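Enquirer: okay, sequence plus prediction incoming.
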Amino acid sequence: QVQLVESGGGLAQEGGSLRLTCAASGRSIGLITMGWFRQAPGKEREFVAAIDWSGGSTVVADSVKGRFTISREAVQNTMYLHMNSLKPEDTAIYYCAGQGSKFGSNIKTPQKYEFWGQGTQITVSS
């Protein structure tokens, strides 16, 4: 089993920055694709970014492109989401997720991810 734990959430002013961390433990060697999703109240879970754990290729949603960056430290089994120029519409619970499938067309579909963290709240005030 794989355990994912997010940290780094909290409050931010519009235009500010935050960094989320996702620490993987357990049988994390099976993780091939890792991603960040978010869910605002009353909305569906939304893809934010994903990374190929071994090769480092990344994909970022259009809604956050140019503002958010995903990265990882493979040796430390840690993934990051660097968030800049935050907007009130970025307010949501942010989840990290992992799957054992090859990095490809499946990366934006939450149902394809087998492992999830508990989520961390991000609130951006204007």
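Expert: Nice, thanks for sending it over.
Enquirer: residue contacts, residue 37?
Expert: 45, 46, 47, 48, 94, 95, 97, 110, 113 (CB atoms under 8 Å, 6 or more residues apart in numbering). All C-beta atoms are positioned from the backbone trio N, CA, C, and that covers glycine.
Enquirer: closest to residue 85 out of these?
Expert: Comparing the contacts of residue 37 against residue 85 with CB to CB picks out residue 48 as the nearest, at 14.4 Å.
Enquirer: ok, the residue found closest to the closest one once you drop the neighbours it is linked to in the chain to residue 84 distance?
Expert: Spatial nearest neighbour of residue 48, chain neighbours left out: residue 36 (4.2 Å); criterion: CB to CB, 6 or more residues apart in numbering. Going from residue 36 to residue 84 by CB to CB, to the nearest Å gives 14 Å.
Enquirer: the two: who's more crowded?
Expert: Taking other CB atoms under 10 Å, residue 36 and residue 84 do not tie; residue 36 has more neighbours (27 against 14).
Enquirer: show the contacting residues for the more buried one.
Expert: Counted by CB under 8 Å, 6+ apart, residue 36 has contacts 20, 22, 48, 49, 50, 70, 79, 81, 94, 95, 96, 97.
Enquirer: if we go to 6 Å?
Expert: 48, 49, 81, 96 (CB atoms under 6 Å, 6 or more residues apart in numbering).
Enquirer: perfect, I'm done here.
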